[in-house]
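Chemist: for reference, the sequence and a predicted model appear below.
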Amino acid sequence: MKIWTSEHVFDHPWETVTTAAMQKYPNPMNPSVVGVDVLHRHVDPSGKLHSQRLLSTEWGLPSVVRSISFTNMVSVDERLIYKPHPQDPGKTVLTQEAIITVKGVSLSSYLEGMMASTMSSNASKGREAMEWVIRKLNAEIEELAASARGSIRTPMAAAAFAEK
């Protein structure tokens with residue numbers, strides 16, 4: 001078993017980051033993730049949202065490799081915790097933890113180490129994806145605001161035209 005951890009600070013408020021986290025997939029930075037299923041979601045008595053999701057991936061492995069894959073021998077349990085930054089409400093702290101287990105194979109600790117290394121590089125792609133989603137959400141909000149401003153002006157302009 002190998003435990004991998006990481007911490008990152010986003011320059012966005014908690015509400016924005018958690019909204020993006022729920023809409024993270026699909027994204028161009030993680031094209032191998034082809035689906036996300038929510039297995040369980042609940043709010044605990046302290047008001048914390050717990051969401052257990054299953055990510056479906058397609059790695060494009062040749063059929064020969066897929067037939068002898070390690071799917072029954074590899075387990076990755078990843079936990080992501082988003083908290084408002086303690087000193088700056090405009091920022092969010094992401095803490096990631098993964099427990100990687102490879103069973104039934106010699107060199108399992110070597111494989112667990114390789115997977116932890118891969119997780120480190122994929123974590124940076126995941127953070128890029130979050131920034132991409134946040135930019136996309138901000139653009140949608142701006143577009144809606146501009147549309148609302150336009151629709152608010154249209155009746156006024158029509159009324160002003162009718163008065164002339």
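Modeler: In hand now; what should we look at? Numbers count the residues shown, from 1 in each chain.
Chemist: which helix or strand in this structure has the lowest average pLDDT?
Modeler: helix 63-67 (a mean of 57; mean pLDDT, DSSP states H and E).
Chemist: quick one: name whatever helix or strand follows it.
Modeler: From helix 63-67 onward toward the C-terminus, using DSSP states H and E, the following helix or strand is strand 74-84.
Chemist: who does that next one pair up with?
Modeler: Under the criterion DSSP bridges, strand 74-84 sits next to strand 92-102 (antiparallel) in its sheet.
Chemist: what are the buried residues along the partner strand?
Modeler: Within strand 92-102, the residues that qualify as buried by neighbour count (16 or more other C-beta atoms under 10 Å) are 92-94, 96, 98, 100, 102. Backbone N, C-alpha and C define where each C-beta goes, glycine included.
Chemist: now render these as JSON lines, adding pLDDT.
Modeler: Rendered in JSON lines, the data for these read as follows (pLDDT from 0 to 100):
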{"residue": "Thr92", "pLDDT": "98"}
{"residue": "Val93", "pLDDT": "98"}
{"residue": "Leu94", "pLDDT": "97"}
{"residue": "Gln96", "pLDDT": "96"}
{"residue": "Ala98", "pLDDT": "94"}
{"residue": "Ile100", "pLDDT": "92"}
{"residue": "Val102", "pLDDT": "87"}
